[in-house]
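# mind folding the following:
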Amino acid sequence: MVQVKRQDRRKVYEYLLLEGVIVIKKDMALPLHAETGVKNLEVWMLLRSLRDKKLVDLVFSWQYYYYYLKAEGVKYVRDKLGIVEDVIPATFKKADKKFDEDVPEQRRGPRGNRPFGRGGNRGPRRAEEGTETAQQ
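Predicted coordinates:
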């Protein structure tokens, strides 16, 4: 078991509470965690402990651990830090998504931003051209 200093634990919990997610590289020999400045092994042990208490979710991909804070975890971390309920993790906030405002409506095709499908506007189809000339 790794003993973690109170100030290091506080740094990790503060970062986790502000961001809502923390990423740890699976390299336990790494001297310091990039975002918190605490030893990488200690950050991993703290978050492993929180995961055992079912306060964070773990996703492991490409040699990185992604720990996401749950609602119960937010309450726990707030209690440990002695913080009021004003602080909300960044992953819990709604993002303002404004994607299509710069594209005018007449340029949009049936599939959103792509104007006319894969090939663009190629003009009338050959079958349509043949019927137009036959009708004239």
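# only C-alpha atoms from now on, for both contacts and neighbour counts.
Fine.
# list the buried ones in the strand or helix carrying residue 74?
Under the criterion of DSSP states H and E, residue 74 resides in helix 71-81. Taking 16 or more other CA atoms under 10 Å as the basis for neighbour counts, the residues of helix 71-81 that come out buried are 73, 74, 77, 78.
# for the record, mean pLDDT for that helix?
Averaged across helix 71-81, the pLDDT comes to 88.
# equivalent analysis for stretch 27-36, please.
In this model, stretch 27-36 has an average pLDDT of 86.
# can you tell me what sits against it?
Contact partners of stretch 27-36, identified using CA atoms under 8 Å, 6 or more residues apart in numbering, comprise 11, 12, 15, 24, 38, 39, 40, 41, 43.
# return the alpha-carbon coordinates of it using PDB.
The C-alpha trace of stretch 27-36 is given here as PDB (Å, rounded to 0.1, in the frame of the first residue of the first chain):
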ATOM      1  CA  ASP A  27       3.900   3.900 -16.800                       C
ATOM      2  CA  MET A  28       4.400   3.500 -13.000                       C
ATOM      3  CA  ALA A  29       8.000   4.600 -13.300                       C
ATOM      4  CA  LEU A  30       7.000   8.000 -14.600                       C
ATOM      5  CA  PRO A  31       8.200  10.500 -12.000                       C
ATOM      6  CA  LEU A  32       5.300  12.900 -12.000                       C
ATOM      7  CA  HIS A  33       1.700  13.100 -13.300                       C
ATOM      8  CA  ALA A  34       1.600  15.800 -16.000                       C
ATOM      9  CA  GLU A  35      -1.500  17.700 -14.800                       C
ATOM     10  CA  THR A  36      -1.200  17.400 -11.000                       C
END
